[in-house]
Each structure stands twice: as structure tokens, then as C-alpha cells.
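> I would like the atomic coordinates for the input below:
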Amino acid sequence: MMPVSTRIVRIAPERLGGWISRFGSRHGTPAVEVAPHQVTCVCPDGAVAAIALRWGALPGTGDPLAELIESVLRQRTVGALLVRRKAHAVGVFTGSTLLDGRHDHHYVQGTTKAGGWSQQRYARRRGNQTAKAYAEAAADVEAVLVPAADRLEALVLGGDGTGVRAVLADFPALQELAERTAQPVYPVADPNRSVLAGFPDLFRAVPITLNELA
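Next up is the predicted model:
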């Protein structure tokens, strides 16, 4: 069992093989334990590294570390939906390459300290602006993700969880794909072209939980 004191590092897929090799060199050849959601390396000196399987279980037919590296390096076709109240971005990636994408910004008023009827009118106006922003994001989902749905292996999400759920509400098949992908809603700044293009740095990174001896 992993000790209470842990930390998490995130490694680019291309660096994972070298990281595992150096980990073994420092701590001794690890015993490898495979579970549906992670591969755990337990070294002779007590160092432990639990490597998350972001893309699902390994085949289990060969060397688990080799299968792990092959899994994280595979160039998957992945949809991406980033939603915040004032901006959204939608894209289709193969590996880290953006094949198709759209992004837009929206005007949504900030909070107010006004009270009474003024506050209620303000809240209604802000709610209408937010609904319009989500509708525009949904239109880009319709244009970019829906035509690609049959070839998407995963759907990764970023931004605000409430906004993402609101936009996906009209797309049950994509919503199911996101649930099967089982990755978190990644924190991102207000989406723009550069934020969208850099999103693979987040969703492709391999999280590794290290114990206090690692």
C-alpha cells in the first residue's frame, strides 16, 4: 500500500521510457504490479511509483512496462472540449497535432454588489449571456466533434465543469465518450488558439504518484 506521504509528477509520453529506466537505476529493478487503472513499480529500497493508465487497461499479453510505454505513445485521435463562461474551444487531435479546431470569446458580465430588483435583473441578464455563450460552444461542437465522432477514441475536457456539462447535454453520444475516457476536467485559462493547441501537454501527460522514498 502506498504510504500517506506522496507527490505526483506528470511526464510527457515521449519521456516515460527514460524516466522508468532512471527510476530503476536509482532504486533497483522494480517488481511490477498491474491493475486496471495503474501500473505500480515497487523497488527493493521501498520506493514506489504508481503510473496512471489514462487510456484504459493494458492488453496484458507481454511485458507490462513495454505495453505501458506503447500505450502512452500511441497517436490516438481525440476530441477536446474546453469551456469557460467567457470563451470556448473545440478541437480534434491526433497525438499532439491539432487537425481541426474552433474557438471564440463571449461577453458575460462579472458579478455585482447591487441589491434588490437591480440585482435580480443583473442576474437574469448574466444568465442569458451565459446561456448564449454555451449555445455558441455547442454549435462548434456540432461543427467539429460530431462529424468526427465515429473516429474519436476519447473526448477530453477542460475549463469549467458546469460549462462543459451544459454544452455536452445535447450530445449524449459525446457525453458517454467523455465518461468512458474517465479523465478529469483539466484546468485551463480562457480558451484561445494557443490554449487549444497546447492542450495535449495536459491530457497526454502521464501522472505518476511517488511515495516518500521515491
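> give me the buried positions along stretch 162-171.
Of the residues in stretch 162-171, 163, 164, 166, 167, 168, 171 count as buried by neighbour count, 16 or more other C-beta atoms under 10 Å. For every residue, glycine as well, the C-beta is placed using N, CA and C.
> residue 104: which of those residues is nearest?
Closest approach between these and residue 104, by C-beta to C-beta: residue 167, at 12.4 Å.
> contacts for the helix or strand hosting the closest one, please.
Following DSSP states H and E, one finds residue 167 within helix 161-168. Helix 161-168 is touched from outside by 81, 83-85, 88, 134, 137-138, 141, 157-158, 174-175, 178, 185, with contacts defined as C-beta atoms under 8 Å, 6 or more residues apart in numbering.
> top of the residues you listed by neighbour count?
Top of those by neighbour number is residue 88, holding 31 neighbours under the definition other C-beta atoms under 10 Å.
> am I right that it sits in a helix?
No - using DSSP: H, G, I helix; E, B strand; the rest coil, the assignment for residue 88 is strand, not a helix.
> identify the residues contacting it.
Going by C-beta under 8 Å, 6+ apart, residue 88 touches 81-82, 103-104, 106, 133, 136-137, 140, 159, 163, 167, 191.
> which two in these are spaced the farthest apart?
Largest pairwise distance in the contacts of residue 88, by C-beta to C-beta, is 15.2 Å, between 81 and 106.
> which SSE is immediately downstream of the least confident helix or strand in the chain by mean pLDDT?
Counting by mean pLDDT, DSSP states H and E, the chain has its least confident helix or strand at helix 116-148, which shows a mean of 75. Proceeding N to C from helix 116-148, the next assigned helix or strand is strand 154-159, under DSSP H and E.
> what lines up beside that next one in the sheet?
strand 77-84 (parallel), strand 185-186 (parallel) (DSSP bridges).
> and that strand with helix 161-168, angle?
130 degrees (axes from the mean of the first three to the mean of the last three C-alpha atoms, to 10 degrees).
> so residue 14 touches residue 75, yeah?
No - the criterion here is C-beta atoms under 8 Å, and residue 14 misses it with residue 75 at 11.7 Å.
> quick check: closest non-adjacent residue to residue 9.
The shortest distance from residue 9 to any non-neighbouring residue, by C-beta to C-beta, 6 or more residues apart in numbering, is to residue 208 (5.2 Å).
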